[in-house]
Structure formats: structure tokens, C-alpha cells
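Novice: Sequence first, predicted coordinates after that:
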Amino acid sequence: MSRKLRLDALLLVIALFFFGPGVPAWAQEEVFPTQEAIEEARSAPLFAAHELLHLTIEADFDALRRQDRSQESEERPAILRWSEPEGSEGSLEIQIRTRGNFRLMRRNCEFPPLRLNIRTGEAEGTLFHGQDKLKVVSPCRLGQSYWEQYVLREYLAYRTFNLLTDASYRVRLARVTYVDTSGRDDPFTRYAYIIEDEDAMAARSGRRVVELPEGRQVHPGTLEPHHAVLADVFQYLIGNTDWSGVAMHNMTFVQGPGGADSATIPYDFDFSGVVDARYAAPDSTLPITRVTQRHFRGFCPSEIGRAMETYDSVFALFRERKEAIYGLWTAQEGLEAGTVREVTRFFDDFYRTLEDPRRIESQMMRNCRSIGRD
């Protein structure tokens, strides 16, 4: 066997180990964003500021709320209108559809999550320049005020991760007025937030999203160590266990050219303790009974060859950003005083752990996972 064939065979064995059978990530066609696409993603006006947006969406919400409860639901015509803080206004004809899993089911949510499909060419020069498909997270139900508090809490969870790394999903908060063109429902206005498209998120760092074959997994040892530990500790901060960085559950896998800078980017935090939604519960296989009980799900350093110094540097970053994290939550318009107190106490417990090496060992590192446990 030639040296090249032996090398190819070795690479295949490695890929099968890391990614399982099927098409490994390194064998997929590598199409990475151009420098122009990178700059456009970084400068997207929708996510260039954090001021509250005021949006109006006109669509057949009777059909969207009562009929379109399938992941295969059709797109429906809609009009998106907006006004920005400086007073400018605009509108676009778009397509809209429902999306999601848990929140898409009628028994769980009265109002489903939405996806906006924007015609890129028509959005040029507007607030939505460069945007294509955007996820919108609205209150799950339209009654009591705590449903809006959940939206604000989850929005701020994303913003908290933004304070720690640029390799994260950007979000934009809005007050959205929903106008039902069928005439069956009265207009209503609620807080909602828009999530950056996954390809744009990856493009900002010159990376691409890697779609793994169904059932395939990512070996944690292949990830860039600092970001991997950062994501694990962030999930612990917000009390989230509804994720898997191996099976890509509520995580997006991104890579740079040649498989470099591999990372998993977390999203979807409504089952976290910092949101504390009344419908949320931890998986029954975990040794906790409430989402407000933290459980560390990062991998043990010795299992994947990570140096403990990487954890120490990540802990130091969280300490450094503590004031900014608390300030983000205390300054948020619309967040009730009781919510701020709850979250502050929740974060206080996390930071007490970071200040005590014995607590780090007993509450985090002793619960770290071995390969094969996810």
C-alpha cells in the first residue's frame, strides 16, 4: 500500500472515530465565506445595536396559531413593518412560517415560534440588509406577565454569552405588534427577540456550519479547548442541561478551513434555570429535579487531554466579566424587579463557587463527564 493510501486510510479511521460512519466533516465540500461575506455579516445593521426595535407583523395568525403546527408547515405571505429609535420607518413583504419542537406543539404553547423569510435583494439598504431567514422568539402564551419575562430572560442569556465570546449568536430585542389579517384575533403587542442566522454567525469568524449526518457525533477532543470549556461553564452559569455538544442538541457545529477552530455554539435556553419557565424540567436521568439546580455537564480534562489551565483561564474570564453580566440584567428595560432579584441570587451562587476551589472541585469537576456519557 502506498504512503498516500495509508495516510488516507488513517484519516478515514480517525474520522469514523470522531464522526461515525457516513460523510465525515473533512470530506464534505468546504465552502467558506468570502471576505466580503465576513464583513457583511459583521456589519449587519440589524445586530449592530441593542436599542429596542418596534416591529409590526401582519399575517394570517389564525392559520399560523391554529393550523400550522408542523415542522413541514407552509410559508405564508406577511408584511414586516418597523420603526427605529431615530424615527425612520420601513416595510417589507416577506414569508412567514412556524418552527420549533417543544414550543411548536399546541399543548405546550399557545403562540408558536416563527421564522421570517426575507427576500435578500428587497432588503438592501434597510435595517434588514443582508438578512435571509430569521428566527423570532415570542411569549409562549399571551396571558400572565411572566410569559414575557421568560422571553426577556432568554434574550439576556444570549446577551450574557455575547459578553464572553464573539463566537455566539447575536440577538435583537423588539416590541412586536401582531396583526391578524384573517380578522379573527385582535392585534396584540409583546416583547420578542430575533436570533442571528446560523450561517451569518459562523461567517463572522470566517467559519462555516457543518451539518453532520443524522445520528453522528462530534468528539469533544476535536474542539478548540478554550471555547469548549467556556461554553460548558456558561451552561453551568445559566443552569442549562438541555444540550449536547456531542450529539449537537441545541448546539451548532462550526469549523474553519481544514477543520480548524472547531466549536459548538449554544442556543435555545428556555429550559435553563436562569429562565425558570414553569414548563421546564431537567431530564429524568440527571441527579437534579429542578432546572434551578445546577449540574455541570462539561467533560473531564483528563478524558480529552485538556489542561486544567484552560479551565482556570475560563474561570478568570467569568470573574472579569462579572460586573458587566450583572449590569446587563439590572439595566434591562421591562425586566421586573422580582426577576432581577431572582437572577442575581442565582448568579451569586455561581460566583461563590468560582471563588472557592473546594466548591469548584465538589460541585463541578466531580460531576464532569467521561467519553460515552452524554
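Specialist: Structure's in. What do you need?
Novice: Which element is encountered next along the chain beyond the one helix or strand in the chain whose mean pLDDT sits lowest?
Specialist: The weakest-scoring helix or strand in the chain, judged by mean pLDDT, DSSP states H and E, is helix 3-19 (a mean of 40). Per DSSP states H and E, the first helix or strand lying C-terminal to helix 3-19 is helix 35-42.
Novice: So the protein: which segments form each domain?
Specialist: 39-199, 207-367 (automatic domain parsing).
Novice: The first one: end-to-end distance?
Specialist: So that's domain 39-199. 13 Å (C-alpha to C-alpha, to the nearest Å).
Novice: Run a quick check on Ser83 versus Glu51, I expect a contact.
Specialist: No: taking contacts as C-beta atoms under 8 Å, Ser83 lies outside contact range of Glu51: 11.3 Å. Bear in mind the C-beta positions are built from the backbone N, C-alpha and C, glycine included.
Novice: so what's the residue most central in space within the chain scoring on pLDDT?
Specialist: In the chain, the residue lying closest to the centroid (C-alpha atoms, centre = their mean) is Tyr267, at 1.8 Å. Note on Tyr267: pLDDT of 98.
Novice: do the same with Ala280
Specialist: At Ala280, pLDDT is 95.
Novice: tell me which element it falls in.
Specialist: Under DSSP H and E, no helix or strand contains Ala280.
Novice: residue contacts, the closest residue in space to it that isn't next to it in sequence?
Specialist: Nearest non-adjacent residue to Ala280, counting by C-beta to C-beta, 6 or more residues apart in numbering: Phe271, 4.3 Å away. Counting by C-beta atoms under 8 Å, 6 or more residues apart in numbering, Phe271 touches 240-242, 277, 280-282, 291.
Novice: can you check Glu355 too?
Specialist: Arg319.
Novice: Ala37 reaches Ala203, doesn't it?
Specialist: Yes: taking contacts as C-beta under 8 Å, Ala37 lies within contact range of Ala203: 5.3 Å.
Novice: These two - which one has more neighbours?
Specialist: For Ala37 versus Ala203, the count of surrounding residues by other C-beta atoms under 10 Å is larger for Ala203: 23 against 16.
Novice: can you pull the contacts of that one?
Specialist: 33, 37-38, 40-41.
Novice: a markdown table please, covering those residues and showing pLDDT and distance to Ser145.
Specialist: Below are those laid out as a markdown table (pLDDT from 0 to 100; distance: C-beta to C-beta, whole Å):
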| residue | pLDDT | distance to Ser145 |
| --- | --- | --- |
| Pro33 | 94 | 41 |
| Ala37 | 94 | 41 |
| Ile38 | 96 | 41 |
| Glu40 | 95 | 38 |
| Ala41 | 96 | 35 |
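Novice: Could you identify the most distant pair in those residues?
Specialist: Pro33 and Glu40 (8.8 Å; C-beta to C-beta).
Novice: quick one: which of the two has more around it?
Specialist: A direct count of neighbours by other C-beta under 10 Å for Pro33 and Glu40 places Pro33 higher, at 19 against 16.
Novice: how about the more buried one, phi and psi?
Specialist: Main-chain dihedrals, Pro33, degrees, to the nearest 10: phi -60, psi 140.
Novice: Tell me the spatial nearest neighbour of it, not counting adjacent residues.
Specialist: Ala203 (4.0 Å).
Novice: for the residue nearest to Ala280, helix, strand, or coil?
Specialist: coil (DSSP: H, G, I helix; E, B strand; the rest coil).
Novice: Look up how far Tyr279 lies from it.
Specialist: 9 Å (C-beta to C-beta, to the nearest Å).
Novice: Could you say which helix or strand holds Cys134?
Specialist: Not quite, residue 134 is Leu, not Cys. Following DSSP H and E, one finds Leu134 within strand 133-137.
Novice: Appreciated, that's everything.
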